[in-house]
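Visitor: build the 3D model from these lines:
(one chain, ligands or ions: 1)
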Amino acid sequence: MNITRQWMEEQLGETLVQRGEKCLLRGQVRRMDVLDQGRGVQGHVEGHGGVMQSVFVEMDEGGIEGDCSCSTGYHCEHVAAMLLAMNE
Ligand SMILES: [Zn+2]
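Guide: Modelled structure (predicted):
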């Protein structure tokens, strides 16, 4: 599936996408594995204080199903960073 930034912003909100972008630019996305046929992505993103967060994201035209080990749990900047990394 081809995802656009606009679609991501619709799903996660502009603020989260911007925060995710900062994570990505700082090199905090440490591991990224694209799932079968691009239906999602999983990996590790370094969060606050250097704590590594496990991120798992599935998506389809209907939206994003995100899961993260951080306290937010889903729809967080780590999920956004992972999607942006996948899209690069
Ligand atoms: Zn998170």
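Visitor: need the pLDDT of the closest residue to residue 82 other than its chain neighbours.
Guide: With sequence-adjacent residues excluded and distances taken as Cβ to Cβ, 6 or more residues apart in numbering, residue 82 is closest to residue 55, at 4.7 Å. All C-beta spots, glycine's among them, are computed from the backbone N, C-alpha and C. pLDDT recorded at residue 55 is 98.
Visitor: for residue 1, same thing?
Guide: On the pLDDT scale, residue 1 gets 67.
Visitor: what's the neighbour count on the residue nearest to residue 82?
Guide: 28 (other Cβ atoms under 10 Å).
Visitor: surely it touches residue 47?
Guide: No: here residue 55 lies out of contact with residue 47, judged by Cβ atoms under 8 Å, at a distance of 9.7 Å.
Visitor: any shared contact partners between these two?
Guide: residue 78 (Cβ atoms under 8 Å, 6 or more residues apart in numbering).
Visitor: wondering if the one helix or strand residue 10 maps to reaches the ion at all.
Guide: Residue 10 is part of helix 5-12, with elements assigned from DSSP states H and E. No: Helix 5-12 stays out of contact with the ion when judged by Cβ under 5 Å from the ion, the minimum separation being 11.4 Å.
Visitor: dump that helix to PDB, restricted to CA.
Guide: Extracted in PDB, the C-alpha atoms of helix 5-12 (Å, rounded to 0.1, in the frame of the first residue of the first chain):
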ATOM      1  CA  ARG A   5       2.100  12.100   4.400                       C
ATOM      2  CA  GLN A   6      -1.400  13.600   4.100                       C
ATOM      3  CA  TRP A   7      -3.000  10.300   4.800                       C
ATOM      4  CA  MET A   8      -0.700   9.800   7.800                       C
ATOM      5  CA  GLU A   9      -1.700  13.200   9.100                       C
ATOM      6  CA  GLU A  10      -5.400  12.300   8.700                       C
ATOM      7  CA  GLN A  11      -4.800   9.200  10.700                       C
ATOM      8  CA  LEU A  12      -2.400  10.400  13.400                       C
END
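Visitor: what's the following helix or strand after it?
Guide: Taking DSSP H and E, what comes next after helix 5-12 is helix 14-25.
Visitor: other residues contacting that next one?
Guide: Contacts for helix 14-25 (Cβ under 8 Å, 6+ apart): 5, 8-9, 12, 29, 45-46, 75-85, 88.
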